[in-house]
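Chemist: Quick check, what structure comes out for this input:
(2 chains)
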Amino acid sequence: MGESTHFHRRASGYLFLLPYVVLFVLFLALPLAYGLGLSLFRWELVSPAPARFIGAGNYREALGDPYFWKALWATFRFVLLQVPITIVFALFTAVALDAVSARRQAFYRAACFLPGMISISVAGIVWRWFFNNEFGLFNAWLGAVGVKVPWISDPRLAMKSLAMMTLWWSFGGPTVIFLAGLKEIPRQLHDAAAIDGAGPVQRFRYITLPLLRPVFLFVVVMSTIGGFQMFGQAFMITRGGPEFSTRVLVQYIYETAFTHYRMGYGAAMSWMLFVVIAVFSLVQFRLIRERRRHEI
Amino acid sequence: MKSDPDRIPGGRAAAERTADTCALPGSRGRRIAAEAFLLFATLLALFPVVLIFLEAFKPDAEIVHFRGILPHRWTLENFLEVLGSPEEVPILRWFANSVFISSMVTLLVLVVDSLAAFALARLNLPGRRWMFAAIVATMMVPGQVLLVPVYLILNRLGWIDTPLALIVPAGAGAFGVFLLHQFFQSIPRELEDAAAIDGCSTLGIYWHVVLPLARPALATLGVFTFIGSWNAFLGPLVFMDSVDKYTLPVGVALFQTSYYAEYGYTLAASVICTLPVLVVFVLFSRQIIRGISLTGLKG
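Modeler: As a prediction, this is how the structure comes out:
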């Protein structure tokens, strides 16, 4: 009898899992495998021709496709431009937040976090207006001193402008994580160092930074992964232009699959992006393990 | 005790610590410098948000020829115009779509994820360890990689251009299971044992013991999910075809492409799109910020 109750409990336990597992399989595990399979086929959704197996053909095509390389390079440029400034600014903000009274801290922290709550379509609309050559806010201000900056109409400048906009949009998350990390640092360390005559800069350099290292690396890797997935900013503000200078990989995949309906090629490029991101995720896993060792 | 709420930023300990730090010699100058920097960062962060709201009340001519942050002539024209052409710009319809979809996604995620997290964290199911590991590993999978295959699966199901396409797949995300799992683990086992001795079933323990104790974590996950769903962009852009099925952000974005020169209208539409998120943020900013801190530290 005890045996059967036990069995019953176990079966009902799996029932709790069932709804999630169904969704997980149908919309996460299956699409992941399906996408990989799809990438081995030539398949135009709108054409009557059936999908045709072409092996690594789509991957070979990508490697010989100048637009793919251009999009990959644009993506890397965005990551290289945006991630460092966002992280440095977030770190400064977090250190400043850590130094003010609890009530003011709550207000400032919420204010810094607010931009990330704005939908990318709204954020894009506003910044597209800021950056506009003729009617834009920035050039209206700069016009007062006789300067006109081609924020998003110069291919050399456009990606920098998007990185600047993204700094505004996304520095709140890293700030909040840094602040949480700063609060885990034992106060006694700072007190002891202060008694020994260490100034604030030295304490930051020799206590805060080393102890914050795991959180710091985590934020770096997460921001980098986020940067590789950039889409909305380019779609809303520059439309990938000028001269494809801001057409990132996700936008190219979007256009390939949903404007030209080339599903196989789109899936193949998605997997290539995934591999690039996975390399960074593996780095992150390694860092988390190092962090554990650090704590012991 | 991994998810002890007292270790969460903004907690009591943090407040005490901050007060103490301020007593350090030379900390006055440091605090002033910190305040100055924060004022700068806050201005930078809030300026575009405030501007959306102010510009929407300006006539077009004033937006294009910027003469100051405050409108010289306040006007409701932009709003009346945006709300006044429901055939071309069904903004109230988009609003209703967004409210419906985001609410259903939030409900689905809370129910499904809490059931799964409860089973994984509290029931001694064989295989739960590797199942949890597999689920958490997928948090690394970028959504964009799934876009093409999910589109084709939804197409096969006949769900493209229906709200189901935006609601059901959202329940597959691993974040909620991870978050609730960590929280459920911190609930003392004795409470469950006591309930079981009193004759409570597994479902009863889930409903009467674990869920009420997990209310803060559920609130965090709920707010997160709602805002994430409200702001989702790529999914609705790809999965919805008819104009009256769009969500608000996608409607506003595509509306901008046809009226891109008329900033007043697009900004009024932006205000309508942003207001609900602002209300949710003001009411629940503590839960949101706690969620972010948790993912960072316990990740």
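Chemist: starting at the chain centroid, how far to the longest helix that chain B contains?
Modeler: If you go by DSSP state H, chain B has its longest helix at helix B:263-298. Helix B:263-298 has its C-alpha centroid displaced from the chain centroid by 7 Å (C-alpha atoms, centre = their mean, to the nearest Å).
Chemist: Tell me the buried residues in that helix?
Modeler: B:263-274, B:276-277, B:280-281, B:284-297 (16 or more other C-beta atoms under 10 Å in any protein chain shown). Using the backbone N, CA and C atoms, a C-beta is placed for each residue, glycine as well.
Chemist: What about the nearest residue to A:R77 once chain neighbours are set aside, how many residues nearby?
Modeler: Distances taken as C-beta to C-beta, 6 or more residues apart in numbering or on different chains put A:M159 closest to A:R77, at 5.4 Å, once the chain neighbours are dropped. Residues near A:M159, counting by other C-beta atoms under 10 Å in any protein chain shown, number 23.
Chemist: What ranges in the stretch 1-150 of chain A fall below the confidence cut-off?
Modeler: Within the stretch 1-150 of chain A, the stretches with pLDDT under 70 are A:1-10.
Chemist: Mind listing what's buried along the helix or strand where B:G204 lies?
Modeler: Using DSSP states H and E, B:G204 falls within helix B:202-204. Neighbour-count burial for helix B:202-204, counted by 16+ other C-beta under 10 Å, picks out B:T202.
Chemist: need the next SSE after it, C-terminal direction.
Modeler: helix B:211-213.
Chemist: got the contact list for the next helix-or-strand element following that following helix?
Modeler: Counting by DSSP H and E, the element after helix B:211-213 in chain order, helix or strand, is helix B:215-231. If you take C-beta atoms under 8 Å, 6 or more residues apart in numbering or on different chains as the criterion, helix B:215-231 is touched by A:117-120, B:3, B:5, B:98, B:101-103, B:105-106, B:109-110, B:113-114, B:166, B:170, B:175-176, B:179-180, B:183, B:211, B:247-249, B:276-277, B:280-281, B:284, B:287-288, B:290-291, B:294.
Chemist: Over to stretch B:38-56?
Modeler: Contact with stretch B:38-56 is made by A:89, A:93, A:96-97, A:100, A:104, A:108, A:111-112, A:114-115, A:118, A:122-123, A:126-127, A:130, A:137, A:168, A:171-172, B:63, B:69-71, B:78-79, B:263-264, B:267-268, B:270-271, B:274, as judged by C-beta under 8 Å, 6+ apart.
Chemist: Quick one, which of the residues you listed are buried?
Modeler: Counted by 16+ other C-beta under 10 Å, the contacts of stretch B:38-56 give A:89, A:93, A:96-97, A:100, A:108, A:111-112, A:114-115, A:118, A:122-123, A:126-127, A:130, A:137, A:168, A:171-172, B:63, B:71, B:78-79, B:263-264, B:267-268, B:270-271, B:274 as buried.
Chemist: most centrally placed residue in chain A?
Modeler: A:G226 (0.9 Å; C-alpha atoms, centre = their mean).
Chemist: What's the separation between it and B:V210?
Modeler: Distance, A:G226 to B:V210, by C-beta to C-beta, to the nearest Å: 33 Å.
Chemist: C-terminal to the lowest-mean-pLDDT helix or strand in chain B, what's the next element?
Modeler: The helix or strand of chain B with the poorest confidence is helix B:12-21; it has a mean of 46 (mean pLDDT, DSSP states H and E). Downstream of helix B:12-21, the next assigned helix or strand under DSSP H and E is helix B:27-55.
Chemist: Give the buried residues for the helix or strand that that following helix is followed by.
Modeler: Once the chain leaves helix B:27-55, the next helix or strand it forms, by DSSP H and E, is helix B:60-64. The neighbour-count check on helix B:60-64 (16+ other C-beta under 10 Å) flags B:D60, B:E62, B:I63, B:V64 as buried.
Chemist: How about stretch B:208-226?
Modeler: Residues B:209-211, B:213-214, B:217-226 are the ones in stretch B:208-226 that count as buried (16+ other C-beta under 10 Å).
Chemist: repeat for stretch B:95-104
Modeler: Of the residues in stretch B:95-104, B:F95, B:N97, B:S98, B:I101, B:S102, B:M104 count as buried by neighbour count, 16+ other C-beta under 10 Å.
Chemist: can you tell me which of those are in helices?
Modeler: B:F95, B:N97, B:S98, B:I101, B:S102, B:M104.
Chemist: between these, which is closest to B:V150?
Modeler: Closest approach to B:V150 among these (C-beta to C-beta): B:I101, at 15.9 Å.
Chemist: ok, and the closest non-adjacent residue to the closest one?
Modeler: Counting by C-beta to C-beta, 6+ apart, the residue nearest B:I101 is B:L166, at 5.1 Å.
Chemist: continuing past whatever helix or strand that neighbour lives in, what's the next helix or strand?
Modeler: Assessed by DSSP H and E, B:L166 sits inside helix B:164-167. Next along the chain after helix B:164-167, taking DSSP H and E as the criterion, comes helix B:175-185.
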